[in-house]
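Asker: Below are the sequence and a predicted model for it; my questions follow.
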Amino acid sequence: AEDADADDADDEEDEDEEGVAGRFLALQRALSERLRALPPPGPPVAAVYAPLEYAWEPHRRFVRRYLRGATPVLFLGMNPGPFGMGQTGVPFGEARLVREWLRVSGPVQKPPQEHPKRPVLGLRCPRAEVS
């Protein structure tokens, strides 16, 4: 439990702090704002999930915990999947692995519109991501 508490203390750092993780998070915020400014796609699209908005806290904790130092990093993309990042905010992260293996936690809000077959349950999601 002490290790988890120490990790949580690391996760509580100010987002404005310099460093790879802080700069990466700031860039993500800026790009999310630009995406939010786009007009909605319209029919046949009924719901758009933006996990970096409604699941920001677990995502921020994941980045702060695992993106440390000046290590060369290449982010190829994030497959949100209905039971992966779409639930947790962690790239390619289904809820059980995010909680138990990565030891990332945090509140997940509800998106403004949900598809009835794809509700966001956050880190309590019982389903596994197959993608």
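Answerer: Structure's in. What do you need?
Asker: So what touches stretch 54-65?
Answerer: Stretch 54-65 is contacted by residues 7, 10-11, 13, 15, 21, 24-25, 51-52, 85, 87-91, 93, 98, 102-111, 120, 122-123 when judged by Cβ atoms under 8 Å, 6 or more residues apart in numbering. Yep, even glycine has a C-beta here, placed from its N, CA and C like the rest.
Asker: PyMOL command to pick out the buried ones of those residues?
Answerer: The buried residues among the contacts of stretch 54-65 can be selected in PyMOL (16 or more other Cβ atoms under 10 Å) with this line:
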select buried, resi 7+11+21+25+51+52+85+87+88+89+90+91+93+98+102+104+105+106+108+111+120+122+123
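Asker: The spatially closest residue to residue 84 that is not a sequence neighbour: how many residues sit nearby?
Answerer: Excluding the flanking residues, the one nearest residue 84 by Cβ to Cβ, 6 or more residues apart in numbering is residue 129, at 3.4 Å. By other Cβ atoms under 10 Å, the residues close to residue 129 number 21.
Asker: Next, the contact list for the most centrally placed residue in the chain, please.
Answerer: Closest residue to the average C-alpha location of the chain: residue 89 at 2.0 Å, with Cα atoms, centre = their mean. By Cβ under 8 Å, 6+ apart, residue 89 lies in contact with 51-52, 54-59, 62, 106, 108.
Asker: cutoff 10 Å now
Answerer: By Cβ atoms under 10 Å, 6 or more residues apart in numbering, the residues touching residue 89 are 50-63, 78, 80, 98, 104, 106, 108-109, 122-123.
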